[in-house]
Each structure stands twice: as structure tokens, then as C-alpha cells.
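Undergrad: Any chance you can model this:
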Amino acid sequence: VILASAGVAFMQFRESMLRELLLTLAVCACLAAAQQFKAGAGIYDVTGPASEIPFMGYAFPNQTGHGIHFRLYSRAFVFEDVTGNRVVYLQNDICMGFLGIKMKVIDTLKTMYGDLYDHHNVILGGTHTHSGPGALSWFLLYDISMLGLNQKHFDAVVHGIVQAIAMAHNNLAVTAGPIYLLQDLLLNASSNRSPSSYLANPQAERDQYVQWGGDTDKNMTVLHIRNASGPIGAISFFAVHGTSMHNSNRLVSGDNKGAAAALFESHMNGNDTLIGHGPFVAAFGQSNEGDVTPNTLGAWCYGRVGGIYCNDNRSLCGGKNEYCFSVGPAGFEDDFGSCKIVAEKQYFKARELFENAPTTGKEVQGKIKTAFKWVNMSNITVSAKFTSTGETGHTCRPAVGDSFAAGTTDGPGAFNFYQGDNCSTCLPFWNFIKNFLKKPTKDQIACQFPKPILLDVGEIEPHPWVPSVLPLQLSQIGSFVIIAVPAEFTTMAGRRLRNTVQAVFNAHGQDVTVVISGLTNGYTQYVATFEEYQYQRYEAASTLYGPHTLAAYQQEFAMLAEALATDTPVDPGLPGQNISYVNFDLQPGVIQDTTPAGFKFGDVAADIVKPIFHPGETVNVSFWGATLRNDFLTGSSFLTVDRSAGSTWSTYRDDGNWETKLYWARVNKTMSYITTSWEIPSWTPTGTYRLTLRGYAKPSPLSSKLEEYTGASKSFSVN
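TA: Model prediction:
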């Protein structure tokens, strides 16, 4: 048995070495012929407050942080061509890349690097996790359920993004290396949550995509990034929402894309390397995920699979919207299991493509070029060339419809709004409320038709609740083109936009691969097709600028593509508005942290239950601590799993790892009961371990001074 095991291990080692040798030989063979790129990668913590602040995504005020499943990170890549042109790609474990964050990041980069990095060459996206703290936007619609803007959190996210870019900048290779492009279908990791809307698109158009995933884009695109010494990173594009964790979850989590990135990085950097501390960086980016859910078992009343199916146009259960839930592959009661399944599917497919680079990868060649423009999306005349009606169209001042309040099957709304609502008179109470805030004009009602306007968010005084002037960016890394859009495009809307841009390059004889980077550089909710808009499900009701929004995007990006293809400069224009509208925070601050009589901060409240544990078991230890928002411990950890190294301890795992969890609970208004948890993986080496807690407390209500505390469990053995 020992000899057989050794033989298998040797064969695996030989296969790995042979694969790397083939890739190295392929790299060397093309060095003289191909125009390659310098590249650098970086990663930094952007977790923010893990307790008491509402999460961003579901707009559910009661979904506040109660701990950490695993930390959130900003992952950055800097690329440079032979002429010195650069582009930065960022994927951040936040719900969306808000415009205010992008503005502050650019301002900070300018103080550090001058004009090297600007709006035109920095692509700032979000993975769309719905389990990260919010209060990050400068616009009221996205901060209202968070009670305003949390400046401390905002600053921490900006700082983390800038640090990730600085790391990638400093790691930029001296010698150029190849970038390989690979694509393949990823099945059973996504499904359409608004299939009735998708069916509104023309049959002939839908027939074109049957083999490519039908009503969702199943195609995954992977960039294999190397320098002269070996691989430094990977970027994956795949369309699926970050909603494996439902709105019942209270632990900070990067959801399926953050988990996939951590899996890939652990594989490349080694299991003993803590997440966020290794040289290899893997980013799992968003695409046209607007109507795409990771909850692949469909939508069912009360989440009971096999009961009453509710993924029809209205998604009602007994006449109520609130009880129709989508269900993940591990079942409705196991969000963690569902998240892991979808994360592993993305990771394994990305890794498969990444490792096939020497044999099936297409080397990206050419120069880096960017085109950027500020566009007032609320006032565009759209050519008949792009509209679905064949007539000239116009965009509208932004507004959301009644079905916006219904939410989705991933996270239903309240007050019994429902999806697919085209009735403008069916909700008299809410009509009164909306008219009190701002009664839509006849022109606005006609422009947005058939959307029944719930909130006329672009015309509410004294400031609009959403932006109108948007950053549109098209970036070209040789034969690879990224469309950076500040919205969530539905499956078919994304396909039409990609095809529009692809056609422009093809017309100039340029063979390029085009991807969409969604929720990037800003956020303006959804973009549905004209046909989907008529059905007014959630995605259509959230298409802010009216039925011709997609056509306007197609028109504007066609012009940017023409500029790139012909090397024509683009006048970027100006933001044209004061976008820092939300500068208040109504969330109560931390008054004081206390402990029960006889206990100090960091004291153990409930220790290990036995001295020996085995892989597959879970260790839980509880402490008396403090709120997690006093100090975010950015770049560090509240929780550690320490392994004995004789007379010293070394950190084996922390709260950036999937297998750890940190549960925070408020006791008697000022006390914090914190439970640290470690699910022991099968590969854990035998040895002596302990769990620790670290944090900062505010012991006095009369002083802002914080006091550091630590605590540790008894030691235990794993074998």
C-alpha cells in the first residue's frame, strides 16, 4: 500500500512538472514572435465593519453583521504593453463598484503616481456579494436602508483598493510574459431567475444561444497571466449573482466568487499560506448576471423543493410575494453548502482552463488601449439602428417601478409588491407615498411606459437619488476587450452589447474576444432588453432610464469601440454633477463595551469540550469581547487557529479562511459574546492547536480611546 501510494504521488508530481515544463517551453518559443505584457498582481483586505452595520444587496435593514465567515479582499492586476500604456483591473469583494469609491480611489492614486492611473485606465468592479457591509454609496437609494454613509467603512474600502493597486504596481514584472485566453462552458452553476422575461425576447434570437447555455450565459472566460518566471495570477469572468447566501445570513462573506478565489489562491500558494498573503492572485469577476442566480434548484414556495413552483412571471405563493424563495444546490436550509458547491464549480473550471493554457490557450497579443467617456444616460437620443422598435428612441430621467420593491426570488421584498406589475393604479397607498416624494410628470410617465413608476428617483428634490452621468469605459488588452458597465445587464442584454462591440472590431478586420465586466466604476441597477422591459419583473422595473436603456448603451459603446479600432482620441467630458449627496450617518455609534462582573475583555466564556479532535469535527470556543466595528483589524484577523511549534505558536488559519467562522452576539446592550469556530479539514496535520481572539474595546462612554484585548483557548490535539 505504501509503495502504491508513493507511486501515485510520483506520477502526480511528474505530471505536474511535465505540464509546467511544456508551458515554459511554449513561453520561450514565442518570446521573439509575440508582443507580450508586463503584469503585476496585488491583494488587500477590504472587510470593513463585521457587526451591526446592514449588509448591501438585499436592502433588508435587519440583515446586519453578526460576525465573519471569511474576509473580503480587493484583487488588482496592472498590465503594461511595450509602449508603456497601462490598464488596471480590479475585482473587489463588495456588492458593487460604486462611483464614489472609484472617484476617491482615482484621487488617491493621482497623489501617489501623478497621471499614470486615471478613470480611463482603472477598471473597478465588485463581485456582487450580498453578504458584505454596506453604507458605501454617495446616492440615497443605495444608502437609505443603511441609514446613510459609514465614512469609516468607505475609507477602509478605498484604502484597501489603493493598497491592492500599489502592490500590483510594485510587483509589475521587469520582463514581459504571455497572457493566455481560454473559454469553455460551465454547467450547473447558474440558472435564470426571470425565465418568463427571457422568453419575451425573439425566438430567432434565443435559438442562437441554445448551445451556449440558453437563458443564461454558461461561458467562462479565463486569463492565464504569467511573467518570465511563472504564473502570477488568473482572472475569470462568469455571470452569476453573489446570492448563494440568502438575506437570513448574518456573517460577512465573499459568497461564491470570493470563495472560488480563495480556493484557487490556496491551490497555487499552498494550503499553509493564509488568504491574502500569497503571491498568486485569482480574481473571479462578474459579467452579465442581471437575471442569473446561483440557486439552481429553482424557486419554490417557502423554499420547499418539490412543492409549489413559483418561478413564473409574478412569483407569488398564496398571493404573497414574500414566500417565494430560490433554492441553492445544497437545499434551502444550507446556504453555506450551496455557496461552497457553486464556488467549487467556478474554481475547478477556471483551474482546468488555466492549466490547459499551453495546449488550448490563445495568446493575447497587441497593445493596450482605452476609451472612456462620461455620458448623461438620462438624455440620449437613440438611433433606430439600435432600438428594438426600428424607430428613434429616447432615454428617460431615472425611475424605478413597482416591481423594484418586490425584490427577487433570491431575496423577496416586503409589503406584498409583486414582480411583473404593469398596473399604475393597483397600489393606491404607495401611489400616495410616491406622489408625496415626487409626482412623475406626464412626459416621464410616457417615457418610462409601461413601467408603473414607484419612485421618480432622478427628479426628487433637492438631489437625485441615483446618478445620471455615468462612466463608460472600454479597455483593450491586445486581442482581449473589456466592456466596463456601471450596471447589471440581463443575459440577453449583455449578449446584444457584446455583439455590438464585437461587430465594430470585426468591421475593421480585428479579431478580438469581448467580455462584460458588470457592476463596474459605478452602479445604476439593471439593464433589461426592450422586450423584457414590457414584462416589468424586478430587472425591468430596475432599468432606470426607460425601455431604450440597452439601446443607448449599445450606441455609446459602439462609438467607443470605433474610437479604439481606429485609434481615434475620445473627449472624456466631465462628471457634470456633484455626486457626494449622502454625507450623513444615522447609525448609532459605539457608546461603550462592557463585560460581565468578574470577566475581562478576551476572557474565555466557554472553552473546548474535549482534549482531542479529529478532521471533520468542529471546535467552538466562546469569549467575552467587544463590538467588531471599533477596529476592523484590516490586514489582520479577529480569530486565529494557532499550531504549536514547540515553545511558540504559529498562525495556521485565520478569519480569512473558509473553514473558520466568527459569531458575534450582543448581550445586555453593551456586552459582546463572541464564538470562534473551526471546522477541521481532512488535510489538517496532526499536532497541538488552540483558538484565539483579538480585538479592541471601548470601555468608557466618556472617551473614544480603544483598548486592545486578546484571549486564547486551552490547547487541544488534532489526530
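Undergrad: low-confidence ranges in the chain?
TA: Along the chain, the model assigns pLDDT under 70 to residues 1-34, 422-430, 432, 577-578, 580.
Undergrad: mind checking the longest strand of it?
TA: Counting residues, the longest strand in the chain under DSSP state E turns out to be strand 687-697.
Undergrad: you'd agree residue 213 is up against residue 189?
TA: No. Counting by C-beta atoms under 8 Å, residue 213 sits too far from residue 189 to count as a contact (10.4 Å). Bear in mind the C-beta positions are built from the backbone N, C-alpha and C, glycine included.
Undergrad: between these two, which one's more packed in?
TA: When residue 213 and residue 189 are compared for neighbours, residue 189 comes out ahead with 24 against 19, by other C-beta atoms under 10 Å.
Undergrad: how about the helices in the stretch 301-450 of the chain?
TA: Assigned by DSSP state H, counting those that start in this stretch, the helices in the stretch 301-450 of the chain fall at 335-355, 357-360, 428-438, 442-448.
Undergrad: mind listing what residue 117 touches?
TA: Contacts for residue 117 were tallied using C-beta atoms under 8 Å, 6 or more residues apart in numbering; they are 86, 88, 106, 109-110, 165.
Undergrad: which one of the residues you listed is nearest residue 136?
TA: Nearest to residue 136 among the contacts of residue 117, counting by C-beta to C-beta, is residue 106 at 16.1 Å.
Undergrad: quick revisit: go through the helices of the stretch 301-450 of the chain and name the closest to residue 643.
TA: Of all the helices of the stretch 301-450 of the chain, helix 335-355 sits nearest to residue 643, with 24.1 Å by C-beta to C-beta.
Undergrad: so how far is the first residue of stretch 436-455 from its last?
TA: Distance between the boundary residues of stretch 436-455 (C-alpha to C-alpha, to the nearest Å) amounts to 10 Å.
Undergrad: do stretch 279-299 as well
TA: Separation of the first and last residues of stretch 279-299 by C-alpha to C-alpha is 41 Å.
Undergrad: do the same with stretch 60-80
TA: Taking C-alpha to C-alpha, stretch 60-80 runs 42 Å from one end to the other.
Undergrad: Of all the residues in that stretch, which ones are buried?
TA: 60, 63-80 (16 or more other C-beta atoms under 10 Å).
Undergrad: need the next SSE after the longest strand of the chain, C-terminal direction.
TA: strand 707-712 (DSSP states H and E).
Undergrad: Show me which residues of the next helix or strand after that next one are buried.
TA: The C-terminal neighbour of strand 707-712 among helices and strands, as given by DSSP H and E, is strand 716-718. Of all the residues in strand 716-718, those buried under the rule 16+ other C-beta under 10 Å are 716, 718.
Undergrad: Not counting its own residues, what contacts strand 716-718?
TA: If you take C-beta under 8 Å, 6+ apart as the criterion, strand 716-718 is touched by 608, 610-615, 619, 680, 684-690.
Undergrad: Give the partner strands of it in its sheet and their orientations.
TA: The sheet places strand 716-718 alongside strand 612-613 (parallel), strand 687-697 (antiparallel), with pairing taken from DSSP bridges.
Undergrad: I'd like to know which of the buried residues of stretch 60-80 are part of strands.
TA: Using DSSP E, the buried residues of stretch 60-80 in strands are 64-68, 73-80.
Undergrad: one step back: can you say which of the helices of the stretch 301-450 of the chain is nearest to residue 138?
TA: Short answer: helix 428-438, nearest of the helices of the stretch 301-450 of the chain by C-beta to C-beta, at 19.4 Å.
Undergrad: most tightly surrounded among the strands paired with strand 716-718?
TA: Mean neighbour count (mean count of other C-beta atoms under 10 Å) peaks for strand 687-697 among those, with a mean of 22.
Undergrad: contacting residues around that strand?
TA: 593, 601-602, 608, 619, 621, 623, 625-626, 628, 630-631, 633, 636-644, 649, 652, 674, 676, 678, 706-718.
Undergrad: make it 6 Å
TA: 593, 601, 621, 623, 625-626, 630-631, 638, 640, 642-644, 676, 706-713, 715-718 (C-beta atoms under 6 Å, 6 or more residues apart in numbering).
Undergrad: before we move on, what about stretch 188-208?
TA: Under C-beta under 6 Å, 6+ apart, the answer for stretch 188-208 is 215-216, 240, 291-293, 296, 313, 342, 345, 408-409, 492, 529, 531-532, 535, 537, 539.
Undergrad: Buried members of these into ChimeraX, please.
TA: Restricted to buried positions by 16+ other C-beta under 10 Å, the ChimeraX selection for the contacts of stretch 188-208 reads:
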select :215,216,240,291,292,293,296,313,342,345,408,409,492,529,531,532,535,537,539
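Undergrad: Mind checking which of the contacts of stretch 188-208 are in strands?
TA: Among these, the members found in strands (DSSP E) are 292-293.
Undergrad: returning to that earlier point: mark which of the contacts of residue 117 are buried, thanks.
TA: Using 16+ other C-beta under 10 Å as the burial test, these include 86, 88, 106, 109, 165 as buried.
Undergrad: Any idea what residue 621 is bridged to?
TA: In this entry, residue 621 is beta-bridged to residue 676, by DSSP bridges.
Undergrad: ok, the residue nearest the centre of the chain to residue 340 distance?
TA: In the chain, the residue lying closest to the centroid (C-alpha atoms, centre = their mean) is residue 127, at 1.1 Å. To residue 340, residue 127 is 16 Å away according to C-beta to C-beta, to the nearest Å.
Undergrad: so of the contacts of residue 117, which ones are in strands?
TA: 86, 88.
Undergrad: Quick one: the strands in the stretch 401-550 of the chain, in order.
TA: Using DSSP state E, counting those that start in this stretch, the strands of the stretch 401-550 of the chain run over 453-455, 469-477, 480-484, 488-489, 513-517, 526-527.
Undergrad: Which stretches in the stretch 201-350 of the chain count as strands?
TA: Taking DSSP E, counting those that start in this stretch as the criterion, the stretch 201-350 of the chain contains strands spanning 219-227, 230-237, 281-285, 292-293, 299-301, 324-326.
Undergrad: Run the chain-centre distance for the last one.
TA: Which is strand 324-326. In terms of C-alpha atoms, centre = their mean, to the nearest Å, the gap separating the centre of strand 324-326 from the centre of its chain is 22 Å.
Undergrad: related to what we said a few turns ago, max pairwise distance over the buried ones among the contacts of residue 117: which two?
TA: Maximum distance among those (C-beta to C-beta): 13.8 Å, for 86 and 106.
Undergrad: Residue 153 in helix, strand or coil?
TA: Per DSSP: H, G, I helix; E, B strand; the rest coil, the local secondary structure of residue 153 is helix.
Undergrad: tell me, how many neighbours does it end up with?
TA: 24.
Undergrad: is it true that it touches residue 50?
TA: No. Using C-beta atoms under 6 Å, residue 153 is not in contact with residue 50, being 10.5 Å away.
Undergrad: follow-up on the earlier one: just say which of the helices of the stretch 301-450 of the chain is most tucked in.
TA: Sort the helices of the stretch 301-450 of the chain by mean neighbour count, taking mean count of other C-beta under 10 Å, and helix 335-355 sits at the top with a mean of 22.
Undergrad: Touching that helix from outside, list them.
TA: 182, 184, 186, 189, 220, 222, 224, 234, 236, 238, 244-246, 249, 256, 259-260, 263-264, 284, 294, 328-330.
Undergrad: Could you do stretch 179-187 as well?
TA: Contact with stretch 179-187 is made by 37, 218-225, 349, 353, 357, 361-364, 480, 513, as judged by C-beta under 6 Å, 6+ apart.
Undergrad: 8 Å - rerun?
TA: Here stretch 179-187 has contacts from 36-37, 39, 79, 212-213, 218-226, 238, 345-346, 349, 352-354, 356-357, 360-364, 477-480, 513, using C-beta under 8 Å, 6+ apart.
Undergrad: So among these, which ones count as buried?
TA: By 16+ other C-beta under 10 Å, these give 36-37, 39, 79, 213, 218-226, 238, 345-346, 349, 353-354, 356-357, 361, 363-364, 477-480, 513 as buried.
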